[in-house]
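Novice: Next one to model:
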Amino acid sequence: MKTSQLQDHEYNPYYRTYIEALGEVTLMDIMRSQIKNYPQFLASIPPEKLTYRYAEGKWTVAEVLVHVLDTERVFQYRALRFARKDLTPLPGFDQDDYVPNSVANVRSIEQLIEEYKAIRASTISLFETFDAATLKQKGVASNSPMSVAALGFIMCGHQKHHRNIIRERYLSP
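Specialist: Down below sits the predicted model:
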């Protein structure tokens, strides 16, 4: 499935920027390319930058990275539920509650890379089982309808969004 095949009613407009950030891509291609290039990006982050925050009250680089991991786990679970036609509305999650409890700032970049690869490999394995009809199935999360496909694209766009923020606000001279 391609990003251009998503319909507006398949996701909350809040997520449009994540999907648009991907451009015209196929879902499985972007998932597979990110599992190759994102670990390289992570490995390029200087270890001393992991606990850096660019302003008071902002997350550290490590906290941003763990936020990306947590979000993929949550969205992967939502995709599984919707793919299995579980129509139970799912609550949102408060990212600001997750971060302080993530112990991100004591983790090494190597640990974060390994965890990312495991999570994304699991996401790919799950999404490889979905046919076109399954990708179009919808459920409700955070009081908004979402399709399985939209969840996949959002995960990829969310990762790209935060990679760009890290480059621009944390790693730029």
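
Novice: the helices in this protein, which residues?
Specialist: Listed in chain order, the helices of the chain (DSSP state H) span 16-21, 27-43, 61-83, 95-98, 109-127, 132-136, 148-165.

Novice: Reformat those as a markdown table; add distance to S4, mean pLDDT and mean neighbour count.
Specialist: From N, CA and C alone the C-beta is placed, and that goes for glycine too. Below are the helices of the chain laid out as a markdown table (distance: least, C-beta to C-beta, whole Å; pLDDT from 0 to 100; neighbours: other C-beta atoms under 10 Å):
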| stretch | distance to S4 | mean pLDDT | mean neighbour count |
| --- | --- | --- | --- |
| helix 16-21 | 10 | 96 | 16 |
| helix 27-43 | 12 | 98 | 15 |
| helix 61-83 | 20 | 98 | 21 |
| helix 95-98 | 29 | 92 | 12 |
| helix 109-127 | 18 | 98 | 16 |
| helix 132-136 | 14 | 98 | 15 |
| helix 148-165 | 11 | 98 | 23 |
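
Novice: Dump the ones you listed into CSV; add distance to S142 as well.
Specialist: Formatted as CSV, the helices of the chain follow (distance: least, C-beta to C-beta, whole Å):
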stretch, distance to S142
helix 16-21, 14
helix 27-43, 21
helix 61-83, 9
helix 95-98, 12
helix 109-127, 19
helix 132-136, 20
helix 148-165, 12
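
Novice: Centroid-nearest residue for the protein?
Specialist: The centre of the chain sits closest to M155, judged by C-alpha atoms, centre = their mean, with a distance of 3.2 Å.

Novice: from memory that residue sits against E72, does it?
Specialist: Yes. Using C-beta atoms under 8 Å, M155 is in contact with E72, at 5.1 Å.

Novice: Find residues that contact each of those two.
Specialist: When contacts are counted by C-beta atoms under 8 Å, 6 or more residues apart in numbering, M155 and E72 have T123 as shared neighbours.

Novice: separation between A150 and R169?
Specialist: For A150, the distance to R169 (C-beta to C-beta, to the nearest Å) stands at 27 Å.
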